[in-house]
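Asker: Fold the stuff below for me.
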Amino acid sequence: MEAADLRIIRVFRRDGNIIVAERVSVADSFIRRGIGLLGRSHLGKDEGMLITRTRSIHSFFMRFMFDAVYLDRDNRVVCLVRGMPPNRPGPFLRQARNVLELPAGKIDETGLSIGDELIFTS
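Answerer: Just a heads-up that it's a prediction; the model follows:
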């Protein structure tokens, strides 16, 4: 599945309209969610991937660390995983509905915290 096949969105933090990522690919099908970031060597500083309809992720077969932001059905942050290394399972969260994968360090760079609400735009 080519990156060009994926829908691209921008992600903001509602309070202060802080840009979290400019180019976020949306993995919104079974196949796209399964592929995720596999095959990528890195994420650019303004890139990310939104994995929809999931309560957990993993980094098996990945080549780089990344930050993971777990979101509930209202797009509020319910868990933050900083610097998730390759070949690890992520936490399973019952209240999670989507997971936003970002370059390592992006959580701290943007000041994301539990309870923040994110906004997605085309």
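Asker: relative to its centroid, which residue of this protein is most remote?
Answerer: When each C-alpha in the chain is compared with the mean C-alpha position (C-alpha atoms, centre = their mean), residue 16 comes out farthest, at 20.1 Å.
Asker: sec struct for that one, please.
Answerer: Taken by DSSP: H, G, I helix; E, B strand; the rest coil, the conformation at residue 16 corresponds to helix.
Asker: What separation do you get for it and residue 75?
Answerer: Distance of residue 16 to residue 75, computed by C-beta to C-beta, to the nearest Å: 16 Å. Backbone N, C-alpha and C define where each C-beta goes, glycine included.
Asker: Equivalent analysis for residue 36, please.
Answerer: Distance of residue 36 to residue 75, given as C-beta to C-beta: 19 Å.
Asker: which SSE is the residue minimising distance to the centre of the chain in?
Answerer: Most central residue of the chain, judged by C-alpha distance to the mean C-alpha position with C-alpha atoms, centre = their mean, is residue 100 at 1.6 Å. When secondary structure is defined by DSSP states H and E, residue 100 falls within strand 98-103.
Asker: Just the C-alpha atoms of the helix or strand following that strand, please, in PDB.
Answerer: If you walk from strand 98-103 toward the C-terminus, the next helix or strand you reach (DSSP H and E) is helix 106-110. What follows is helix 106-110 as a C-alpha-only set of coordinates in PDB (Å, rounded to 0.1, in the frame of the first residue of the first chain):
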ATOM      1  CA  LYS A 106       7.300  14.900  19.600                       C
ATOM      2  CA  ILE A 107       5.200  14.500  22.800                       C
ATOM      3  CA  ASP A 108       7.600  16.600  24.800                       C
ATOM      4  CA  GLU A 109       8.200  19.100  21.900                       C
ATOM      5  CA  THR A 110       4.400  19.800  21.600                       C
END
